[in-house]
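[1] sequence-free structure coming up:
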């Protein structure tokens with residue numbers, strides 16, 4: 001009898017930490033077998049206390065990479081912008097449960113637009129918040145820092161929630177991915193992977209690493225895969 005293989009780790013570099021003077025060049029540097037997608041943090045200064053990028057940046061990225069573009073909408077009224085980001089070239093659209101009273105409608109619209117649908121939980125939001133929508137989504141993203149700024153420290157209390165969501169996914173929607181975002185470093189990926197994370201959003205630890213960008217990705221992936229072999 002064949003023993004099922006464990007899913008490999010996927011790295012999703014976040015351009016929030018990139019040098020925007022050299023964004024295209026740096027995105028080209030992350031291309032490797034260890035990188036699964038490009039993560040774009042869209043912030044509006046309302047839902048989170050920061051302003052970042054919008055539709056034009058996704059359009060530009062689409063021209064310079066064939067990697068899937070994952071667009072994380074940390075914005076108020078995300079429904080108003082789903083079509084624009086889809087048309088700009090986003091492959092997946094991630095929306096928060098905290099600011100969306102009609103989450104099922106939003107997820108349905110994302111699918112109608114031909115994108116993968118993801119839902120996001122802030123650190124203080126309980127794992128149970130995704131129960132009504134879990135079977136309908138392709139991805140659950142757990143914020144392991146409070147959203148809004150890069151370079152923050154991983155919140156260890158989120159590890160329990162990662163475990164809870166992992167159990168729920170395995171029981172209800174095994175094809176759904178479990179992703180984390182915030183404070184992802186070679187030191188924190190081990191506990192996160194052990195708890196059940198399989199997709200790792202990494203910004204500062206990739207684009208602002210003391211070593212080269214490719215070397216930083218290799219180090220992150222190696223640390224995560226080492227942890228996976230122990231689970």
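    That came through fine. Everything quoted here is computed from the prediction, not taken from an experiment. Residues are numbered from 1 along each chain as shown.

[2] Can you check the pLDDT for residue 1?
    Residue 1 is assigned a pLDDT of 37 by the prediction.

[3] longest helix in this structure, by residue count?
    helix 213-229 (DSSP state H).

[4] what distance separates that helix from the centre of its chain?
    17 Å (C-alpha atoms, centre = their mean, to the nearest Å).

[5] Show me what that helix is packed up against.
    In terms of contacts (3 or more C-beta pairs under 8 Å, 6 or more residues apart in numbering; DSSP states H and E), helix 213-229 is packed against strand 10-13, helix 23-29, helix 189-195, strand 199-202, helix 204-207. C-beta coordinates here come from the backbone N, C-alpha and C atoms, glycine included.

[6] need the helices for the chain, in chain order.
    In the chain, the helices defined using DSSP H lie at 23-29, 55-64, 82-88, 103-112, 158-172, 189-195, 204-207, 213-229.

[7] Need the contact partners of the longest one.
    When you say that, I think you mean helix 213-229. If you take C-beta atoms under 8 Å, 6 or more residues apart in numbering as the criterion, helix 213-229 is touched by 6, 8-9, 11, 13, 26, 29-30, 32, 34-35, 184-186, 189-191, 193-194, 200, 202, 205-207, 209, 211.

[8] buried set for that helix?
    For helix 213-229, the neighbour count (16 or more other C-beta atoms under 10 Å) marks 213-214, 216-221, 223-224, 227-228 as buried.

[9] what residue ranges in this structure are flagged as low confidence?
    Residues of the chain that meet the criterion pLDDT under 70 lie in 1-7.

[10] Kindly recompute the last result at 90.
    Filtered on pLDDT under 90, the chain yields the residue ranges 1-8, 31-34, 49, 99-101, 147-152, 209-211, 230-231.

[11] sorry, back to before: would you mind giving the helices and strands packed on helix 213-229 as CSV with distance to residue 50 added?
    CSV is the format used below for the helices and strands packed on helix 213-229 (distance: least, C-beta to C-beta, whole Å):
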stretch, distance to residue 50
strand 10-13, 19
helix 23-29, 18
helix 189-195, 23
strand 199-202, 16
helix 204-207, 14
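
[12] so can I have JSON lines of those showing mean neighbour count and distance to residue 82?
    Below are the helices and strands packed on helix 213-229 laid out as JSON lines (neighbours: other C-beta atoms under 10 Å; distance: least, C-beta to C-beta, whole Å):
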{"stretch": "strand 10-13", "mean neighbour count": "25", "distance to residue 82": "20"}
{"stretch": "helix 23-29", "mean neighbour count": "16", "distance to residue 82": "23"}
{"stretch": "helix 189-195", "mean neighbour count": "20", "distance to residue 82": "29"}
{"stretch": "strand 199-202", "mean neighbour count": "26", "distance to residue 82": "20"}
{"stretch": "helix 204-207", "mean neighbour count": "23", "distance to residue 82": "27"}
